[in-house]
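**Student:** Need coordinates for the below:
(2 chains)
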There are 2 protein chains.
Amino acid sequence: MTDKQIIYTTPPAPAIDPSLTSGTFRVRLVPRPVHIPADKLLVRVHYLSLEPAMRQWLTAKRSYIAPVEEGTVMRGQSIAQVVGVGEDLTSQYKSGDWVVVYSGWQEYALVGERETEKVTVPPGGRRTDALSVLGTTGLTAYFGLLEVGKLKAGETVVISGAAGATGMVAGQIARIKGAKRVVGLAGSNEKCHFLVEELGFDSAINYKNTDWRKRLQEATPEYIDVFFDNTGGDILDACLARAARDARFVICGAISQYNAARPQGPANFMSIISQRITMKGFIVFDYIKNYPAARKELASWLAEGKLKRKEHIVLGGLEAAPQALVDLYAGANIGKMMVQVAPVSEALTKAKL
Amino acid sequence: MTDKQIIYTTPPAPAIDPSLTSGTFRVRLVPRPVHIPADKLLVRVHYLSLEPAMRQWLTAKRSYIAPVEEGTVMRGQSIAQVVGVGEDLTSQYKSGDWVVVYSGWQEYALVGERETEKVTVPPGGRRTDALSVLGTTGLTAYFGLLEVGKLKAGETVVISGAAGATGMVAGQIARIKGAKRVVGLAGSNEKCHFLVEELGFDSAINYKNTDWRKRLQEATPEYIDVFFDNTGGDILDACLARAARDARFVICGAISQYNAARPQGPANFMSIISQRITMKGFIVFDYIKNYPAARKELASWLAEGKLKRKEHIVLGGLEAAPQALVDLYAGANIGKMMVQVAPVSEALTKAKL
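**Tutor:** Below you'll find the model as predicted:
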C-alpha cells in the first residue's frame, strides 16, 4: 500500500508558500511500512496539530530544537491510532490505542515510545483535547501565565493572539485565578465577540481597528501587570508603554514576526528599565515534570465548565496542511487549528475496536 | 552675591544641544540664598555627576522619575560641602561637612535632609568615590550584576559600555565573584586596552571595528550567561544571538538609543524564547535598603585593591556641563564623568575647616 507524506523541500523566503508544486512543501508517496521494528509503533495519523512555532522550525538558526532538514517529513504533533506494535512494546500498547505523537506530516508513521504518549480522555473530554486544552497548547498557557508570569489575584492581564489556541486558554486561566481584568487582543470583531461573550474576558480589542491603542489604554486603567504575548511587533510595543511597575512580560510567541526577513524589535524597550519589567521567554518542555499536576487541574476546570475549548478543524487531508499553516499566520482560526488526516468514518470505526 | 544655575529650557530634538545661547540649557544668575529655612542646608557644589540617564529625565514620558520641568534647574547629583545649616538640622550637620546631594546644576543649593547623605571616606577612599564606585554608580553595577543578573561563579559575563562608570565596576565585580570569562565591549582601542590591562577583563572588543561580531563570538565560546547592558541597539542584538540557555540580560541602560527619535528595538528578540532568556530592567533605588551592606563590600574591595576606580573630571565650571553631557553620549570618557564646579583651591581650604 502507498501512503502520503508532506516533505519540507524549500526554505521560506521568508513566508511559507503553500503550493505543493512550487512552494515550501511537496507530496511524496511511499510504501506503507510492513515490518515494525521491535521498539516501534506503527500509527495512523488522525489529526495534525498546527502551531505558530512551526515557521521557526524551518529556520536554520540556533533554537530550542533542531531545524527540520530539507527533504524530510515536516515535523508535527498529532493524534494518532496504533495500528501495529513492535514486540518489545506489546505489554504497553495494543492496536486501537489512541496516542499523541510526533508523527510528522504523514498518514502513517513509525514512532518510538519516547515520542509517544497515550491519550486519556477525562470525563467531559474529547480525544482532540490532547492536542489543545490538555496538550502542550493548554500547558503552555498554564505554565506561561502561572510559572513565568506569576499571576496574582487582583492583577490586570493582557493577552495577545487571545483567540488563538494558547491565548484563549491563558485568558480563561487568568479569569479562574482571580485576575481583576482580563483583556484580549485579537484580529477581528468576531474573535473579540467570542472572547467576551463566550470566554468571559472583560474586554477584547480588535487590533485591526485604528483606535486600538486608545482602547488598550482605556481597558488598562491600572496598567498591565502580566502581558502574555503571542504576537510581538506593534502589540508588544503598545503593551510595553502600558506596563505597570514590576510587570511580567511572558514571551510565548511572536507570530507577527515569524515571517519577517528582519523581525521588528520592541521600540518601547526602554520601559523595561523605567518600569522594572521582567521579560521572560519559555518553552513548555522545560516544565515536563509538572505536566501531570497541571493537566489534572486543566481537566477539572474543563469538566466543571470553567474552561472552554474551541477547535478549528481543517478538512481535506494531509494536502490541506500547508495552506492551513499559512492561514494560521493570517489569523484565520479561532481556537486550536488541526488538520484532519484520516476520514472521520475510519476514526469512528477504529474507536469501537 | 550672585550665583550661577544651569536651567533646562528647550526639549532635545532629539539630541541635546550644548549651546548655552541656542541649545537645551541656559545660564541663569540668581542671588545666593541669605536666609536658610529651618529644615534645609545650604551647600556649595563641588563635583556634578553626569549620568546617561539624564537624557531620559528630559523626556516627558511616563518613567521611574518625573521629567525635569522646562525653566527649572537641571537635575543632578553632586558632591557638595555644607556652608549653612537650618536650625532644625544643627545637631546633625555643621558647616564644612561633605555631602552627596541632589543639588541640581547650580553653584549653591538649598537642600532638604532627605535628599542629602553624608560622605564617609573609607580607608584608601576619596571623596569623589561617593559619586562613583561607592555611589549609585557602583551600587548599580553591584545590584545589577548580583541581584538582577544572579551571576554565579564559572559563568560567562559580557558587559556593554564596559569602560563607562557602571560598566567598569560591573566587570570588576564579575571578576571578583569568580566569573569564568569577563568580556567588555567599548568604543575605542584605548578603552579596550584599559579594560584588559588595568582592570583584568579577559577580553575587550572595540565595537567600532568591523569584525566586532566575530570577535564577540570568539570571546564567548560557551555563549553568554549574563549580559549587563548599558548600550542597547546593535550590541544588545548581537548578545541576544549569543545568549546561553537561561541567560539573564540585565538592562541597565541603553545609551545608544537615548537620543534616537525612534529607538531601535532588538531584532533578535526571538532568542528570548528559544534560549529562555530573562531580560530584566531595574532602577538602583529599589535596592536602597541594601545599600549599606553593598557599600561595605565595595569599600573593602577598593581598600584591598581588587576594585579600581577611574574618574574623568571635566574642568571649566558649571558652563562645561552641557558639552560634557553630550561628550558622555559620544563616549568621550573612561570611567566616571564629573564636572568640577568649585575651584579645587576652595575645596582644599574648606576641607581643612
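**Student:** ok, the nearest residue to A:P266 once chain neighbours are set aside - how many residues close by?
**Tutor:** Excluding its sequence neighbours, the residue lying closest to A:P266 (Cβ to Cβ, 6 or more residues apart in numbering or on different chains) is B:G265, at 4.1 Å. No exception for glycine: its C-beta is placed from N, CA and C like everyone else's. Residues contacting B:G265 under the criterion other Cβ atoms under 10 Å in any protein chain shown number 24.
**Student:** give me the beta-bridge partners of B:G265?
**Tutor:** In this structure, B:G265 bridges to A:G265 when assessed by DSSP bridges.
**Student:** Check A:M270 and give its pLDDT.
**Tutor:** In this model, A:M270 is scored at 88, pLDDT.
**Student:** list the contacts for the closest residue to A:K180 other than its chain neighbours?
**Tutor:** Spatial nearest neighbour of A:K180, chain neighbours left out: A:G154 (4.9 Å); criterion: Cβ to Cβ, 6+ apart. Residues near A:G154 by Cβ atoms under 8 Å, 6 or more residues apart in numbering or on different chains: A:G178, A:A179, A:K180.
**Student:** residues contacting the first one?
**Tutor:** By Cβ under 8 Å, 6+ apart, the residues touching A:G178 are A:A153, A:G154.
**Student:** any idea how far chain B is from it?
**Tutor:** 25 Å (Cβ to the nearest Cβ, to the nearest Å).
**Student:** now swap in A:F25 and tell me
**Tutor:** 23 Å.
**Student:** check which helix or strand covers A:D327.
**Tutor:** For A:D327, the host element (DSSP states H and E) is helix A:321-330.
**Student:** and that helix, does that touch chain B?
**Tutor:** No - under the criterion of Cβ under 8 Å from any Cβ of the partner chain, helix A:321-330 makes no contact with chain B; the nearest approach is 14.8 Å.
**Student:** That helix: which residues count as buried?
**Tutor:** For helix A:321-330, burial by neighbour count (16 or more other Cβ atoms under 10 Å in any protein chain shown) applies to A:A321, A:P322, A:Q323, A:A324, A:L325, A:V326, A:D327, A:L328, A:Y329.
**Student:** who does the next helix or strand after it touch, helix- and strand-wise?
**Tutor:** Going down the chain from helix A:321-330, the next helix or strand is strand A:336-340, by DSSP H and E. With contacts taken as 3 or more Cβ pairs under 8 Å, 6 or more residues apart in numbering or on different chains; DSSP states H and E, strand A:336-340 sits against strand A:40-49, strand A:311-314, helix A:321-330.
**Student:** Adding mean pLDDT and distance to B:S188, write the ones you listed out as CSV.
**Tutor:** Converted to CSV, those look like this (pLDDT from 0 to 100; distance: least, Cβ to Cβ, whole Å):
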stretch, mean pLDDT, distance to B:S188
strand A:40-49, 97, 52
strand A:311-314, 96, 56
helix A:321-330, 96, 45
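**Student:** Which among the ones you listed is found nearest to B:E87?
**Tutor:** Nearest to B:E87, of all the helices and strands packed on strand A:336-340, is helix A:321-330, at 71.3 Å by Cβ to Cβ.
**Student:** Distance from the chain centre to the closest one, please.
**Tutor:** Centre-to-centre, helix A:321-330 and its host chain are 13 Å apart (Cα atoms, centre = their mean, to the nearest Å).
**Student:** mind listing what whichever residue of chain A sits closest to chain B touches?
**Tutor:** Relative to chain B, the nearest point of chain A is A:G265 (2.7 Å; Cβ to the nearest Cβ). A:G265 is in contact with B:D237, B:Q264, B:G265, B:P266, B:A267, B:N268, B:F269, counting by Cβ under 8 Å, 6+ apart.
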